[in-house]
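Colleague: give me a model of this one.
(2 chains)
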Number of protein chains: 2
Amino acid sequence: MVSMTDLDAWACAELSAIEECLNTWVPSDAPAGLGIAMRYGVLDGGKRLRPLLVLAAAHAVGGSRMASLRAACAVELVHAYSLVHDDMPCMDNDVLRRGKPTVHVQFGEAQAMLAGDAMQALAFEVLTPALRDATHDSMPPALQARLCGQLARAAGHDGMAGGQAIDLASVGRPLDQRSLRDMHHRKTGALLRASVMMGAACGEIDATAWSALEVYGDSIGLAFQVIDDVLDVTQESEVLGKTAGKDVDANKPTYVSLMGLDAARRHAFELRDQAQAALASSGLRETVWLGLLADKVVERDS
Amino acid sequence: MVSMTDLDAWACAELSAIEECLNTWVPSDAPAGLGIAMRYGVLDGGKRLRPLLVLAAAHAVGGSRMASLRAACAVELVHAYSLVHDDMPCMDNDVLRRGKPTVHVQFGEAQAMLAGDAMQALAFEVLTPALRDATHDSMPPALQARLCGQLARAAGHDGMAGGQAIDLASVGRPLDQRSLRDMHHRKTGALLRASVMMGAACGEIDATAWSALEVYGDSIGLAFQVIDDVLDVTQESEVLGKTAGKDVDANKPTYVSLMGLDAARRHAFELRDQAQAALASSGLRETVWLGLLADKVVERDS
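Modeller: Numbers count the residues shown, from 1 in each chain, chains lettered A, B, ... in the order given. The predicted structure is shown next:
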């Protein structure tokens, strides 16, 4: 029986591989301090849930190691750039992230905006290694193109950015559970789902397994957000590494404000069960890390 | 003898093809007004120099029509997103662009930032049409991957975003001609050069022609910026469609402040001649539009 301790050991090893890649690929020498701001925004912090999902899904399908590491870092770069922009004064105006001052507090707003822009571009650079790159052999151009397409669609108007626009427009407005679900499906769900599916694209799987992983990705994406809303009201900023209670302060609709705390928690566990059921029906054998990550998503305390 | 009138006729036809594609690919139905802000930022305006360079280079190499139209629109989306972000209060704080209020003036800063972010993602969506797309046949995955890589590198820390960071750090500081050239080589040059090379990637050419087009791209990229600096001091805002004299007001180093007006103009014409010489040595036959675009770059009055 594999346990949470095994997951932690697996994640620890994978996290060090991810950090090593990010450390290599995020430039320290980009001009005029831009590289320093980019590195500050993405290195040494975060739970790295998205890259772990990429690697767990790649493990499940026997995917290429090098391609999945590139996909993992690209997804994390997009996630990290969205946080840098989201924290800026014109958006959430947040000063604390991953326990540190936010990028615009540290480097100024203009540099933060540029660093975020350059991090998004870097995600696509990482997915398209040049021919001269020694790792190119393990990343055929067709896979590069496919991963770029998956990431762009998850990040753009129909995914993350679209969800943020709905979020922006919904402050102080009543939103029913369906609209809230739609917003989160785009805002955080699209990139979490893409993490799973980009990992899956690194190997070869049949249509049944593909569909099952889509259900898994959607379910844990939503569960993640429900738990985020729960933690926003139950945890201190110090534990979260970001400002707690800010959704309530901003009068934003959340699963907790809509369903109540206990029902929201129960809903997250139901979604976890859906994710597990999808894995069981996928026909894939090596889903152990995906399964434990689904548990981790709902059992986390920060 | 082909003349500027012929270029204008060619450009007019190509511009209508580009507008039609942008009109199709930039979504009107993205949520919460995001699509409207994106369309405002990119449709119905601008000289479209970059897409014309893509199409002219594709013409020179007999490149695929559909691929070159996608490349042209992707480059323009990246250019347009950079203007949206560049105009924001934390950067240039500009209120006028292409003769209209800037995106953040029209839709607010948060929406402008999101629209820019989504426009960058959309550029990579446009370059990676899905299999179900009827146009897919004319865009093999290897070309999709190559174009994504070219665009990402031109847009990112080593290209446009890096140049903007240097620009940001250089306000009010002395900058010699070499540093100024390096800044512009990244800030505007990288994307102009990428426009030419992405068009070239849509066809098949030998290494000599490839190198010649790189020289052409670099030369007109720099010429474009020198003329921009000239126009900033010689033209009215009304003609430019953006705020004139802002570089002088911001105490930014320019080719005019460094070389004087006449020498800057002469320098632009020398760069144009370099670009023409490169075309002549390329071995390519159909360089007529590239040649005339080089003339247009230095002879423009807005």
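
Colleague: quick one, phi/psi of residue A:96?
Modeller: phi -130, psi 130 (degrees, to the nearest 10).

Colleague: and residue A:73, by the same measure?
Modeller: With angles defined as degrees, to the nearest 10, residue A:73 sits at phi -70, psi -40.

Colleague: what number of residues lie near it?
Modeller: Other residues lying near residue A:73 total 29 when counted by other Cβ atoms under 10 Å in any protein chain shown. To be clear about C-beta, it is placed using only N, CA and C from the backbone, and glycine gets the same treatment.

Colleague: just the one 4 residues further on next, same as before
Modeller: Residue A:77 is flanked by 30 other residues according to other Cβ under 10 Å.

Colleague: how close does residue A:106 get to chain B?
Modeller: 14 Å (Cβ to the nearest Cβ, to the nearest Å).

Colleague: excluding covalently adjacent residues, which one is nearest to that residue?
Modeller: residue A:40 (6.3 Å; Cβ to Cβ, 6 or more residues apart in numbering or on different chains).

Colleague: could you give the mean pLDDT of the helix or strand containing that neighbour?
Modeller: Following DSSP states H and E, one finds residue A:40 within helix A:34-42. Averaged across helix A:34-42, pLDDT comes to 97.

Colleague: and it, how far out from the chain's middle?
Modeller: 18 Å (Cα atoms, centre = their mean, to the nearest Å).

Colleague: can I get it in CSV? Just the C-alpha atoms.
Modeller: Only the C-alpha atoms of helix A:34-42 are listed here, as CSV (Å, rounded to 0.1, in the frame of the first residue of the first chain):
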residue,chain,number,x,y,z
LEU,A,34,14.7,41.7,-15.7
GLY,A,35,16.2,38.2,-15.2
ILE,A,36,16.5,38.9,-11.4
ALA,A,37,12.8,39.9,-11.2
MET,A,38,11.8,36.8,-13.3
ARG,A,39,13.8,34.5,-11.1
TYR,A,40,12.4,36.1,-7.9
GLY,A,41,8.9,35.5,-9.3
VAL,A,42,9.3,31.8,-10.0
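
Colleague: the longest helix in chain A is where?
Modeller: helix A:207-234 (DSSP state H).

Colleague: buried set for it?
Modeller: Going by neighbour count (16 or more other Cβ atoms under 10 Å in any protein chain shown), the buried part of helix A:207-234 is A:209, A:212-213, A:215-232, A:234.

Colleague: what's the helix or strand following the helix holding residue A:40 packed up against?
Modeller: Note on helix A:34-42: by DSSP H and E, the next helix or strand toward the C-terminus is helix A:49-61. Where contact means 3 or more Cβ pairs under 8 Å, 6 or more residues apart in numbering or on different chains; DSSP states H and E, helix A:49-61 is packed against helix A:4-25, helix A:65-86, helix A:190-201, helix A:207-234, helix A:288-299.

Colleague: hmm, 6 Å instead?
Modeller: Contacts defined by 3 or more Cβ pairs under 6 Å, 6 or more residues apart in numbering or on different chains; DSSP states H and E place helix A:49-61 against helix A:4-25, helix A:65-86, helix A:190-201, helix A:288-299.

Colleague: picking up where we left off before, what angle do the longest helix of chain A and helix A:49-61 make?
Modeller: Angle, helix A:207-234 to helix A:49-61, by axes from the mean of the first three to the mean of the last three Cα atoms, to 10 degrees: 150 degrees.

Colleague: make a markdown table out of the helices and strands packed on helix A:49-61 and add distance to residue B:93 and mean pLDDT.
Modeller: Conversion of the helices and strands packed on helix A:49-61 to a markdown table gives the following (distance: least, Cβ to Cβ, whole Å; pLDDT from 0 to 100):
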| stretch | distance to residue B:93 | mean pLDDT |
| --- | --- | --- |
| helix A:4-25 | 33 | 96 |
| helix A:65-86 | 18 | 97 |
| helix A:190-201 | 31 | 98 |
| helix A:288-299 | 42 | 97 |
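
Colleague: got a markdown table for these, with distance to chain B too?
Modeller: Formatted as a markdown table, these follow (distance: least, Cβ to the nearest Cβ, whole Å):
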| stretch | distance to chain B |
| --- | --- |
| helix A:4-25 | 11 |
| helix A:65-86 | 6 |
| helix A:190-201 | 11 |
| helix A:288-299 | 25 |
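
Colleague: pLDDT wise, what is residue A:267 at?
Modeller: At residue A:267, the model reports a pLDDT of 96.

Colleague: distance of the residue nearest to residue A:106 from residue A:104?
Modeller: Distance of residue A:40 to residue A:104, given as Cβ to Cβ, to the nearest Å: 11 Å.

Colleague: which of the two has more neighbours?
Modeller: residue A:104 (26 against 23).

Colleague: quick check, the more buried one in a helix?
Modeller: Yes. Under the criterion used here (DSSP: H, G, I helix; E, B strand; the rest coil), residue A:104 sits inside a helix.

Colleague: what residues are up against it?
Modeller: By Cβ atoms under 6 Å, 6 or more residues apart in numbering or on different chains, the contact set of residue A:104 is A:88, A:112.

Colleague: ok so residue A:172 is a strand residue?
Modeller: No. According to three-state DSSP, residue A:172 belongs to no strand; its state is coil.
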